[in-house]
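Undergrad: Below is the sequence, then the predicted model.
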Amino acid sequence: MSTFTYLITGASRGLGLGYSKALLASDPRIRVVAAARNPSAASDLQALANEEANKGRIHLLQLDVEDKDKVAQAVKELEASGFVENGIDALVLNAGVAAESKYKPSEIEPEHVLANLGVNLFGVLNVTKAFLPLVRQGKGKQIFTVSSVCGSVEEFGKNTVATGYCISKSAVTMWTAKLAAELGPEGFTVIPFHPGYVSTGINGHSGTLTVEEAAAEALKNVFQAAKPELNGSFLRYSGGTVPW
């Protein structure tokens, strides 16, 4: 089997770092483009790249998902590096924020919602549009959007928690479903998925899963399980689907 290359956004910490570690450890043929705003200052990511087993298998990429010009520059840098001569096989759209969570639905302002949409939706759009030509070149043709049960009306629409964040996850899940409908005929597998309630900085480390546990489950039930017949499915990290 030939190599299989993932590009993971938000890879400097939390789930992005966890996914990078789990994927690299799972198979020596897997390669990772680990993208982050400032990878040179990400000590854990630097340590991962310096591990002997990962030499030549990981490329650190500076990427600010909110800035379209910087995203375009990141594409050029990656192409020039020679690391993706055969394209990108899978895009993992992981970078996310949870902002302005204290406001009730009746109190929230447009700017509070936009504080979440900037990364959680618009950043995803920027990265996908810019890197899609490289994903089309790859043999995997997989795109994964890290969404959340917070984007499910059935599972999370009957409380007042984190309204702006929930709106952003509903929006990005709908966009991912639309993208799946567009790219499915080309043989793509496009999947939004719930990563679990993971203890990371985004929730003040209040989650019930460790990053390592969540990454291991996502590896098995999302990344390795992905196949064209699941295109457009809203998957759960632990297996099965999330109701919309």
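TA: Noted; the coordinates are in hand.
Undergrad: what sits up against the longest helix anywhere in the chain?
TA: Counting by DSSP state H, the longest helix found in the chain is helix 163-183. Identification of contacts with helix 163-183 by Cβ atoms under 8 Å, 6 or more residues apart in numbering yields 97-101, 103-105, 108, 112-113, 115-117, 120-121, 124-125, 128, 141, 143, 145, 147-148, 150-153, 156-157, 188, 190-192, 231-232, 234, 244. From N, CA and C alone the C-beta is placed, and that goes for glycine too.
Undergrad: again, only using 6 Å
TA: The contact list for helix 163-183 (Cβ atoms under 6 Å, 6 or more residues apart in numbering) reads 98, 100, 105, 108, 112-113, 116-117, 120-121, 124, 145, 147-148, 150-151, 156, 190, 192, 231-232.
Undergrad: in that helix, what's buried?
TA: Of the residues in helix 163-183, 163-173, 175-177, 179-180, 183 count as buried by neighbour count, 16 or more other Cβ atoms under 10 Å.
Undergrad: before we move on, the earlier item: filter the contacts of helix 163-183 down to just the ones in strands.
TA: Counting by DSSP state E, the part of these found in strands is 145, 190, 192.
Undergrad: any idea how far residue 55 is from the last one?
TA: Same thing as residue 192. Taking Cβ to Cβ, to the nearest Å as the measure, residue 192 falls 33 Å from residue 55.
Undergrad: neighbour-wise, which of those two wins?
TA: More crowded of residue 192 and residue 55, by other Cβ atoms under 10 Å: residue 192, with 26 against 9.
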